[in-house]
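J.: what's the 3D shape of this:
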Amino acid sequence: MRIGTRKSTMALAQTEDIARRLKAAAPDLDVEIVKFETVGDTDQTSKLLMHGGKGGAFVAEIRAAVRAGRLHAAMHSLKDMPGNEDTPGLVIGATLARDPPTDALVLRAGVSMEDIRRSRGKGFRLGTNAVRRAAYARRLFPDIEVIHYRGAADTRVRKLDQSEMQRLPGGGEVGPADALIMARSGLERVGLANRIAYEFSPLEMLPAVGQGIVAVECAAADWQTRRYLSLIDDPAAHLSCDAEREVLWVLNGHCNSPIAGYSTIDAARMSLTASVLDEVGRQFIEVSRSGPAERPRELGRAVGLALLDKGAAAVIERTRPEPIKG
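T.: Numbering: from 1, shown residues only. Sure, this is the predicted structure:
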């Protein structure tokens, strides 16, 4: 089985984990990891919306290889997969057990969480490329300066430690950063969990849809690959995947929409919370619902529709990027 993945340290670690699980479940299976340098990896200056969001930057090239038959499967971080569009001919064949989905604060030497809290962020620069994290950060620290910050997880921490300036898409530089907000699971994957200065609870910063879940995508008609992938599929993670992504589908969000969603399962019940924010975090709409865990899409649809009833569509439309000319 040929599995495609990005070349980043974290993506390779995730894909190697998939390969180990497949070999354990099916010892006769040969697994080959095929590395891709996606446009999002080669261009670490532009904002991701210039490439069609995370889907265009990190997912599209590997998906195309699956569709063309050059790969049997593709590894994605679920949060990078667009949820507001159809993917004809492809299916998520497996989701691994969910890693911690929370976001974490990484600080440069000499800065403390108490410093940032006491000042409401005034005088501090926070680096992130995620519009959701930026919006929540501005709610938590109203006076903080959020700066555009790109790169693989380990690269971002190195830039923080070395006080490097960050190049801007239109030219010029910004920075250096005093702090970064990153996924806890990503920091753990690259061996930097010791850099976590503070972990945000879901009540403070609701995770991105699918955050902490590794997904393996394959051709819908490739039943042999689907059979192998089913051997490593985590049912609870797949239920959460279906519920949270249904919210994205209902909202028809885009790559510049600060949308969050997170579900938990307790016995046969699933609880799902999702939110929509404006870019500065001032307008905030949140909905929580629960229902049978065996009907995740139904629950996701109910939450998405409730968000629309509260005005989410107008917030999403205001954050929609202008069409790229050229």
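J.: what's the local residue count around residue 220?
T.: A count of nearby residues for residue 220, using other CB atoms under 10 Å, gives 13. (Each C-beta comes from the backbone N, C-alpha and C, glycine too.)
J.: quick one: it and residue 92 touch, right?
T.: No: using CB atoms under 8 Å, residue 220 makes no contact with residue 92, being 10.0 Å away.
J.: let me see the contact set for residue 142.
T.: Counting by CB atoms under 8 Å, 6 or more residues apart in numbering, residue 142 touches 120-121.
J.: actually residue 157, not the one I wrote
T.: With CB under 8 Å, 6+ apart, residue 157 has these contacts: 106, 180, 182, 187, 192, 195.
J.: distance of residue 103 from residue 212?
T.: 10 Å (CB to CB, to the nearest Å).
J.: where do the contact lists of those two overlap?
T.: Both residue 103 and residue 212 are in contact with residue 183, where contact means CB under 8 Å, 6+ apart.
J.: now tell me what touches whichever strand or helix holds residue 147 from outside.
T.: Element membership of residue 147 [criterion: DSSP states H and E] is strand 145-148. For strand 145-148, contacts defined as CB under 8 Å, 6+ apart pick out 47, 121, 124-129, 134, 137-138, 166, 168-169, 174-175, 177.
J.: which residue is nearest the centroid of this structure?
T.: residue 79 (3.0 Å; CA atoms, centre = their mean).
J.: is that residue in a helix, a strand, or coil?
T.: helix (DSSP: H, G, I helix; E, B strand; the rest coil).
J.: and for residue 289?
T.: strand.
J.: burial count for it?
T.: By other CB under 10 Å, the burial measure for residue 289, its neighbour count, is 16.
J.: what's opposite it in the beta bridge?
T.: In this entry, residue 289 is beta-bridged to residue 272, by DSSP bridges.
J.: residue 132 versus that one, what's the distance?
T.: For residue 289, the distance to residue 132 - CB to CB - is 20 Å.
J.: swap in residue 303?
T.: With CB to CB as the criterion, residue 303 and residue 132 are 16 Å apart.
J.: swap in residue 176?
T.: Where residue 132 is concerned, residue 176 sits at a distance of 23 Å (CB to CB).
J.: the more surrounded of those two?
T.: The residue with more neighbours, out of residue 176 and residue 132, is residue 132; 27 against 18, by other CB under 10 Å.
J.: what's that one sitting at in phi/psi?
T.: When read as degrees, to the nearest 10, the backbone of residue 132 gives phi -60, psi -50.
J.: ok, now the one 3 residues further on?
T.: Dihedral pair for residue 135: phi -60, psi -40, per degrees, to the nearest 10.
J.: surely it meets residue 277?
T.: Yes: counting by CB under 8 Å, residue 135 touches residue 277, with 4.1 Å between them.
J.: just to revisit the earlier point, neighbour count for residue 103 and residue 212, which is higher?
T.: With neighbours defined as other CB under 10 Å, residue 103 and residue 212 compare such that residue 103 has more, 30 against 23.
J.: contacts only, for that one.
T.: So residue 103 contacts 133, 136, 181-184, 199-200, 205, 207, 211 (CB under 8 Å, 6+ apart).
J.: which of those are buried? Put it as a PyMOL command.
T.: Buried members of these, defined by 16 or more other CB atoms under 10 Å, are picked up in PyMOL with:
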select buried, resi 133+136+181+182+183+184+200+205+207+211
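J.: can you tell me which of the contacts of residue 103 end up in strands?
T.: Here DSSP state E is the test, and the contacts of residue 103 give 181-183, 199 as lying in strands.
J.: if we can go back for a sec, adding distance to residue 246 and pLDDT, write the contacts of residue 103 out as CSV.
T.: Output for these, formatted as CSV (distance: CB to CB, whole Å; pLDDT from 0 to 100):
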residue, distance to residue 246, pLDDT
133, 23, 95
136, 22, 96
181, 26, 97
182, 26, 96
183, 22, 95
184, 25, 96
199, 27, 98
200, 24, 98
205, 22, 97
207, 16, 97
211, 16, 95
